[in-house]
Structure formats: structure tokens, C-alpha cells
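1. give me a 3D structure for the following:
(one chain, ligands or ions: 1)
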Amino acid sequence: MEGKLVLVTGGAGFIGTHTVVQLLKEGFRVSIIDNFDNSVEEALDRVKEVVGPALAAKIEFHFVDLRNKDDLDKVFAKSKFDGVIHFAGRKAVGESVEYPRRYFDNNLIGTINLYEVMAKYNCKKMVFSSSSTVYGQPEKIPCVEDTELKAMNPYGRTKLFLEEIARDISQAEPDWQIILLRYFNPVAAHESGKIGEDPKGIPNNLMPYIQQVAVGRLPELNVYGHDYPTRDGTAIRDYIHVMDLADGHIAALKKLFTPDFKGCVPYNLGTGRGTSVLEMVAAFEKASGKKIPMKLCPRRAGDATAVYAAVDKAAKELGWKAKHGIEEMCRDQWNWASKNPWGYQGKKA
Ligand code: WQD
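-> Numbers count the residues shown, from 1 in each chain. The predicted model follows:
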């Protein structure tokens, strides 16, 4: 893999930055495209601090919005990419319900442009950031990859549409090699505490919300639903350490470079274990030494009772398994939060 050049769209984002760190450590060269719609340039400076000057010199950055096809074409005209990891897109369920057109514009148009320009420059290896949200409210858990897919919100529908588009392209043009990675619930941060998740505005997701309560930015955690048919009444999810997720992308990319890989194949990236909201809060309190005040609230519309991954396929075909447990996830989430209570931007004056 030494020296192969990978284009990472959305590389300044939460999962993107952590994957760029691992790509560089694995000997890849990296070009990043980002429009800072949901990220900041400071995150890239932090990535360079984490990897050090020698590897930082292997990063190229382009301030480009995927919806601008001409700008995207210029990036491909300049460099011969061996493959693409495509993260760029909006990913908040609640926001997608409020602003569906923004999600269809960002996530669908941007990706269709990307496929067009990749085809023009004969770059046909793609790792696509999909999501467990394509399983909707699963009838059977753990979710296996050939479970029937159904989305429950506009964000999930964009991921489902983009999976179908990938399958159609691969069907019509067999020389494309595409891997769809279905993330379960990404949390935690790099062990250095220099990079992590820094959502703009009030966090939608559980862990960044807990983190902001712990550092005093928010007063208490609203627990959405405590009457679920689960061991403690709160909903269950498969939380996965972002470093495990990053390594899953490396494993997928390497798979694309093996001659036997054909077509368009989905893989779950999860731990295979479920954790409830109350269990996660307790683990975070233990890791941080902070009390997280909670308010028990009604269920959040669209939430599933329990979702966690079947993990055999990724283990067998990608040689990848998640290594971190909940305690390590909370330890690393707290390490990032305590060092960066106001994220990359620092406290507003
Ligand atoms: C987890 C649990 C909430 C916030 C979504 C997307 C998925 C992925 C991750 C992108 C649920 C409860 C949450 C809070 C709470 N996104 N909760 N109080 O909804 O499982 O998954 O985000 O890749 O694609 O679907 O994640 O973190 O929002 O919720 O009680 O303030 O925590 O009800 O049970 P979710 P989440």
C-alpha cells in the first residue's frame, strides 16, 4: 500500500480526521476535500500535530464543495487517485427531518458528482460511509448485512438511496469496486485528546451531549424514553470507538486493492454488543469522575428500541474486529472533552 494516494472527502470531520491519521500511519498519501460545512480547519491542524511533520507533509487539502462539479474536476485533473473514501455529507437525523432538501442536495448531489468525476478519471475504487440507519427499526437483532433495508427519516433515506445508487453503478459497470460501511454509533476520540467530535450547535447524539453536560456547557441529559422493553427501560445501541471505525476503513480500502474483490459489498462496523443509555451514562461517570444529572423524558420519535451489529462478515472478509470496549470509549471521550471543553473553537469570548 506504500505511497498509494487516497482522496478523503469530508476529511476534516469527526470520522474523517481519525481515518486520515490511520491512513498516514499505514503509509498512504492523503488528499482531503472539505467545505467546512460541519467541520473546521483547526481539526486538520490538529491531525498534523498528531501525526508529526513527516507524515503531515503527505496531506494535501482542497477547500471544495462536492456540489461544485468543476472544482471537483480540477482536483482529479491534478492528481491520480488510487481510491476514494467518501465521508462528506450531513448526518443529523433531527435536522434532516426539519430540512430534508438540504440533505438531498448535500448528500445525493455531492455523491453523484463524485461518481461522475471518478468515472471520468477512471478512479473506480470507493469506500462509502453508510450507516446502521439503513436498517430502520430492525425486526431481528443483531442486524445482518442482508437484512431488509428501510429508512425512517430523510438522513437515513439519503444513505439508503446512495447504497442503491452504488449497487446500480456496480451492476452496470462491473469494473467499479465499492465497499459500503454501515457504522453503528461512533463515539470516543483519538488517545492523544487532540482530535474528537465537535458538533456545531446543540448535539443530537448521546455521547457529545453527555460530554457537554460533563464540562458544564449543558445542565442535564434528557434521557429519551425509560419504558422500553430492555433490561433498564432505556434504548440500546452498538457504540463503537472511532479508532476502531478508522481501522475498519483501512481494512476496507486494502480489500479494494485485492484482485479477488468484485462489485459492491456492504459491511457492518460495530462491536456486536449493545449498551443502554443508563449504562453508557454510568460508564462515563466512572471514567470522568463527573456526575451527569439526568431528566427522564418521553421517547424520541423515530428511535428504535435496540440496534446492534452482527460482526461476522467484516471479521471473515475484511479481517477486522472492533477492539475497544465501553470503558475505553468513555475514557477517550472524556480525555478529548476535558482537554477541549469548547471543542476546536475554544470558548467563545
Ligand atoms: C442514541 C440513544 C437516543 C441523545 C444516529 C444515526 C446514526 C448515527 C448515530 C451517523 C438513543 C438516546 C440521545 C440524548 C438520549 N449517525 N439519546 N438523549 O439515534 O442511535 O443514531 O446517530 O452516522 O446513523 O441514526 O444515535 O446518539 O442520537 O441516540 O437519550 O440527548 O441515545 O434516544 O436511544 P442514534 P443517538
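
2. starting from the helix or strand encompassing Asn222, tell me which strands it pairs with and how they run.
-> Counting by DSSP states H and E, the element that carries Asn222 is strand 221-224. Note on strand 221-224: by DSSP bridges, its sheet partners are strand 294-297 (parallel).

3. residues of the lowest-mean-pLDDT helix or strand in the chain that come out buried?
-> The helix or strand of the chain with the lowest confidence, counting by mean pLDDT, DSSP states H and E, is helix 93-98 at a mean of 89. Residues Val93, Glu95, Ser96 are the ones in helix 93-98 that count as buried (16 or more other C-beta atoms under 10 Å). Any C-beta I mention is one placed from the backbone N, CA and C, and that applies to glycine too.

4. helices or strands next to the helix or strand following the strand holding Asn222 in the packing?
-> Sequence-wise, the next helix or strand downstream of strand 221-224 (DSSP H and E) is strand 236-237. Packed against strand 236-237 by the contact rule (3 or more C-beta pairs under 8 Å, 6 or more residues apart in numbering; DSSP states H and E) you find strand 275-276.

5. now the helix or strand following the strand it packs on: how far from the chain's centre is it?
-> Per DSSP H and E, the first helix or strand lying C-terminal to strand 275-276 is helix 277-288. Chain-centre distance of helix 277-288: 22 Å, with C-alpha atoms, centre = their mean, to the nearest Å.

6. residues touching helix 277-288, excluding its own?
-> Applying C-beta atoms under 8 Å, 6 or more residues apart in numbering, the contact partners of helix 277-288 are 206-207, 210-211, 214, 221, 223-224, 232-235, 239, 275, 290-292, 294, 326-327, 329-331, 333-334, 337-338.

7. would you tell me whether it gets close to the ligand?
-> Yes. Applying C-beta under 6 Å from any ligand atom, one finds helix 277-288 touching the ligand at Val277.

8. can you give me the buried ones in that helix?
-> By 16+ other C-beta under 10 Å, the buried positions in helix 277-288 come out as Val277, Leu278, Glu279, Met280, Val281, Ala282, Ala283, Phe284, Glu285, Ala287, Ser288.

9. circling back: quick check, nearest of the buried residues of helix 93-98 to the ligand?
-> Checking those against the ligand with C-beta to the nearest ligand atom, the nearest one is Val93 at 5.0 Å.

10. could you pull up the mean pLDDT of the helix or strand Met126 falls within?
-> Taking DSSP H and E as the criterion, Met126 maps to strand 125-131. Mean pLDDT, strand 125-131: 98.

11. again, but for stretch 282-292
-> 98.

12. before we move on, what about stretch 165-178?
-> Averaging pLDDT along stretch 165-178 yields 98.

13. quick check: end-to-end length of it?
-> Start-to-end span of stretch 165-178 (C-alpha to C-alpha, to the nearest Å) is 11 Å.

14. now Ile169, what's its secondary structure?
-> Secondary structure, DSSP: H, G, I helix; E, B strand; the rest coil: Ile169 is helix.
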